[in-house]
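K.L.:
show me the folded form of this:
(one chain, ligands or ions: 2)
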Amino acid sequence: MIDLHTHTFFSDGELGPAELARRAYLKGYKVLGISDHADSSNMGLLVTALLNLIEETAYSEHITIVPGIELTHVPAKLIEGLVFKARKLGARLVVVHGETIVEPVEEGTNRAAIEAGVDILAHPGLITEEDVLLAKEKNILLEITAKRGHSLTNGHVARLARKLGAKLIYSTDAHAPADLLPEEMARKVVQGAGLSLEDFSIMQRNALELVRKRMEAR
Ligand SMILES: [Zn+2]
Ligand SMILES: [Zn+2]
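P.N.:
Ligands and ions are numbered 1, 2, ... in the order given. Model (predicted):
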């Protein structure tokens with residue numbers, strides 16, 4: 001299992017990075033992306049903290065931790081600059097908190113994230129066909145999420161991605177230990193969005209390809 005979108009108590013998650021990684025490992029995860037909620041105020045702290053962790057801990061022999069951030073409720077016009085800054089700080093993974101229907105995310109966030117070339121557009125809500133096409137063109141992964149609330153539009157995202165040929169990724173968006181779903185349940189979430197088990201495998205491959213690309217780029 002590979003999951004590139006999770007949270008620790010550095011933002012609103014329950015566990016520290018070490019415990020999250022340990023619990024994920026015990027559930028069969030091989031690669032874990034940690035992407036806490038970030039804006040200009042805390043981005044440097046988050047990335048530095050994760051880079052320290054990766055350098056100094058032994059359990060990374062068992063599970064690969066990918067240091068990332070999730071730009072969250074950042075004004076759309078600032079997204080491009082912050083994506084650039086995050087990569088410069090050393091974040092291997094840049095996620096943007098997309099236009100979920102359960103929060104007042106600024107309109108235009110999906111588009112700004114795609115134009116800025118993020119890695120994953122998380123829970124993009126009722127994303128437009130135009131934006132899905134642009135995501136396809138820019139090779140940006142659109143998220144199918146296990147997170148309650150955000151998952152309400154999984155069916156819409158899956159349908160448009162399939163119709164237009166954009167790539168998808170599955171994530172838990174875990175904030176607590178119980179959110180780290182075992183693979184069996186992850187497959188059901190994906191099937192519940194109207195996708196197939198083959199699609200689940202493709203999504204896991206998409207995630208792995210992204211990690212390889214970003215880790216090798218350093
Ligand atoms: Zn989010
Ligand atoms: Zn999240």
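
K.L.:
tell me which parts of this protein are close to ligand 2?
P.N.:
For the chain, the contact set with ligand 2 under Cβ under 5 Å from the ion comprises 70, 173. Where C-beta positions appear, they are placed from N, C-alpha and C, glycine not excepted.

K.L.:
worst-scoring helix or strand of the chain, pLDDT-wise?
P.N.:
For the chain, the helix or strand with the lowest mean confidence is helix 43-56, at a mean of 91 (criterion: mean pLDDT, DSSP states H and E).

K.L.:
give the next helix or strand downstream of that helix.
P.N.:
strand 64-71 (DSSP states H and E).

K.L.:
how many residues are close by residue 129?
P.N.:
11 (other Cβ atoms under 10 Å).

K.L.:
if I look at it, how far off is ligand 1?
P.N.:
Distance, residue 129 to ligand 1, using Cβ to the ion, to the nearest Å: 22 Å.

K.L.:
residue contacts, that residue?
P.N.:
The contact partners of residue 129, by Cβ atoms under 8 Å, 6 or more residues apart in numbering, come to 160, 164.

K.L.:
how close does it sit to residue 136?
P.N.:
Note on residue 129: its distance to residue 136, by Cβ to Cβ, to the nearest Å, is 10 Å.

K.L.:
what's the overlap in contacts for those two?
P.N.:
Counting by Cβ under 8 Å, 6+ apart, the common neighbours of residue 129 and residue 136 are residue 164.

K.L.:
now the longest helix anywhere in the chain: how far from the chain's centre is it?
P.N.:
If each helix of the chain is counted by residues according to DSSP state H, the longest one is helix 197-216. In terms of Cα atoms, centre = their mean, to the nearest Å, the centre of helix 197-216 is found 12 Å from the chain centre.

K.L.:
what do you get for stretch 39-51?
P.N.:
Using Cα atoms, centre = their mean, the mean C-alpha position of stretch 39-51 is found 16 Å from that of the whole chain.

K.L.:
what's the pLDDT at residue 155?
P.N.:
What the model reports as pLDDT for residue 155 is 98.

K.L.:
mind listing what it touches?
P.N.:
Going by Cβ under 8 Å, 6+ apart, the list of residues near residue 155 reads 193-194.

K.L.:
now the angle from the longest helix of the chain to strand 64-71?
P.N.:
90 degrees (axes from the mean of the first three to the mean of the last three Cα atoms, to 10 degrees).

K.L.:
please spell out which residues along helix 197-216 are buried.
P.N.:
199-200, 202-204, 206-207, 210-211, 214 (16 or more other Cβ atoms under 10 Å).

K.L.:
end-to-end on stretch 83-98?
P.N.:
End-to-end distance of stretch 83-98 (Cα to Cα, to the nearest Å): 14 Å.

K.L.:
and that stretch, what's buried?
P.N.:
With burial defined by 16+ other Cβ under 10 Å, the residues of stretch 83-98 counted as buried are 83, 85-87, 89, 91-98.

K.L.:
and of the residues you listed, the nearest to ligand 1?
P.N.:
Of all those, residue 97 has the smallest distance to ligand 1: 3.6 Å, by Cβ to the ion.

K.L.:
how near is the closest residue in space to that closest one that isn't next to it in sequence to residue 173?
P.N.:
Among residues not flanking residue 97 along the chain, residue 72 sits closest, at 4.1 Å (Cβ to Cβ, 6 or more residues apart in numbering). As defined by Cβ to Cβ, residue 72 lies at a distance of 11 Å from residue 173.
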